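Colleague: sequence and computational prediction follow.
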Amino acid sequence: MGEMIVTRLLIVFLALIGLAACQAPQDRAYAILAEAAERGDISGAQSLRVGDDEPVRLLAEGVDEASRFRLASLSKIFTQIALLRLADQGELNLDQSLSSLRPGLTADWAEVVSVRQLLNFSSGLPRDLDDETGGVRFDATGHALAFMDAQGHLAPDYTPGTRTRYSNLGYMHLGAVIEAVTGQTYADAIDALVIRPASLVDTGFGVDHLGQGRHLNGYEGDPLVLVSDHPIAQRYSTGGLHGSIRDLELLSREILNPGFLSDAAQREFFTQFGRPDARDPSYVLATGHVPGFTHAWLIAREPALAIVSLNNRVEGELRQIPDIITRSGAVLYPAIAERSGRYRPVEADGWITISDFDQITDQPILPKLSAMIEAVLSGDTNASRDATMRLHGYEPDTASASDLEDFAGFTGAYVRIAADFGPFHPIAWRMDGERLQIYLESADGQRGIHFAAAPSEADPTVTDSLSLGTYGFEP
């Protein structure tokens, strides 16, 4: 890995760190990033900001604050912000159907799927366009609306709103919503709704040729090889933007500033971006990958926290980058918890005390839910993924690669919480309407988590909705 280039501020920062036992939380959080960079697990531009402090950066050789990275799926945050600002302006409602905003999209399913369901990945749409399509196509004016209106044959394959699944296609449809509502191209609309209001200077759309104008090439593998020589514009509103570390720092701050988003829109941002079951929205962890570029972006509200990791030279396992950012953030905000207050299950709230899953009154969904929880507590990531899939009615041996990937993603978060803050054991259960909730407490009695699953109407032994609540994870 190349020698690290550090600003004078960063040199002072490092000089103040001292021994690990004496480190302040900010120092410990930064040290996680610095150690990962030293190992070569991250390499590019890293930034950490706490509260109103100035961000502290870690820049690799050949990278500065204005270097432009392909943002990959971090582009989805810009798409969402644009839609939330249009909602603030009264131009659309998040509960409107897709067809009400896109008259040219005549598919029956578009009358049912809402903007909100597209935002939170619960639309049921496939992950991507047809393989034969290759990517979004633009007309002579730079619009993709007509092309996206012609994609009605790619329909949801489960009832919209019943569960979540990552969908690039869904966010492409949102890009077309932005075009339909504003009359502008996606690129011009993002410039008007996000880039200029947030005073960003290095962000834009659709640069397909790299290596010039501060646009970095991307490398992967051991040894590193150039892998970023493919077009990016065709990824459209799901992954076609580029930007710099200083621009994402600015946008992280702007998202939390009154006036950029209304209170309602800010709450939607922290609730809806891939976290449809969140009841106490507090943070967003977004990730992105295209060949040569792998990123993670953590924004939290209370405490105010932003960690940005933009990487264009990745030697190790790409999927560890979000884990590194999560570990860094958890130093300041343990478990990146939805709830910071300590909640204890009490009889008045309908909880029944237990010490083992066998003490729960027989419920059709209990065998698969308890098997999933036991797998998570065991720390076995593959077993946890498989048990979670079975809980959702999937058979891992016959599941598609995309479904395996999706389930591995959110199940990994459960395993990390159990491993980092446990061990946990069951202490109570209750029925919350039709949802079976099981509450688990840490061995030291300071933290709790609960899993909740509602039985599917089609098969009461599986669920369409699984959620996790966390309690007592104080900074």
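Modeller: Perfect, thanks for sending it. Numbering: from 1, shown residues only.

Colleague: packing partners of the host helix or strand of residue 326?
Modeller: Using DSSP states H and E, residue 326 falls within helix 320-332. Contact here means 3 or more CB pairs under 8 Å, 6 or more residues apart in numbering; DSSP states H and E; on that basis helix 320-332 packs against helix 25-39, strand 283-290, strand 293-300, strand 305-311, helix 401-421. (Glycine included, C-beta is placed from N, CA and C.)

Colleague: off-centre distance for it?
Modeller: Here the centre of helix 320-332 is set off from its chain's centre by 13 Å, with CA atoms, centre = their mean, to the nearest Å.

Colleague: who's in contact with the helix or strand following it?
Modeller: Remark: after helix 320-332, the chain's next helix or strand is strand 352-353, criterion DSSP H and E. For strand 352-353, the external contacting residues (CB atoms under 8 Å, 6 or more residues apart in numbering) are 347, 360, 427-430.

Colleague: and residue 254, helix, strand or coil?
Modeller: helix (DSSP: H, G, I helix; E, B strand; the rest coil).

Colleague: what about it, how many neighbours?
Modeller: For residue 254, the neighbour count with other CB atoms under 10 Å is 17.

Colleague: can you check the one 3 residues further on too?
Modeller: Residues near residue 257, counting by other CB under 10 Å, number 10.

Colleague: also residue 264?
Modeller: Neighbour tally, residue 264, other CB under 10 Å: 12.

Colleague: list the contacts for it?
Modeller: Per CB under 8 Å, 6+ apart, neighbours of residue 264: residue 88.

Colleague: excluding chain neighbours, what is closest to the residue most central in space within the chain?
Modeller: The centroid of the chain falls nearest to residue 286 when counting by CA atoms, centre = their mean (3.3 Å). Spatially, and ignoring its direct neighbours in sequence, residue 286 is nearest to residue 297 (4.7 Å; CB to CB, 6 or more residues apart in numbering).

Colleague: tell me the confidence at the one you found?
Modeller: Residue 297 is assigned 94 on the pLDDT scale.

Colleague: do residue 334 as well
Modeller: 65.

Colleague: i'd like the first residue to be 35 from this point on
Modeller: Yep, numbering from 35; the last one is residue 368 now.

Colleague: before we move on, back to that, may I see the ChimeraX selection of the buried members of the contacts of strand 386-387?
Modeller: Filtering the contacts of strand 386-387 down to the buried ones (16 or more other CB atoms under 10 Å) takes a single ChimeraX command:
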select :394,461,462,463,464
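
Colleague: which of the contacts of strand 386-387 sits closest to residue 120?
Modeller: Set against residue 120, the nearest of the contacts of strand 386-387 by CB to CB is residue 464 (40.4 Å).

Colleague: how close does the closest one get to residue 486?
Modeller: Using CB to CB, to the nearest Å, residue 464 is found at 10 Å from residue 486.

Colleague: ok, now residue 463?
Modeller: 10 Å.

Colleague: and if you look at residue 473?
Modeller: 10 Å.

Colleague: next: residue 457.
Modeller: Residue 457 is 21 Å from residue 486, by CB to CB.

Colleague: again with residue 178
Modeller: Distance, residue 178 to residue 486, using CB to CB: 39 Å.

Colleague: got the domain boundaries for the chain?
Modeller: 35-366, 381-505 (automatic domain parsing).
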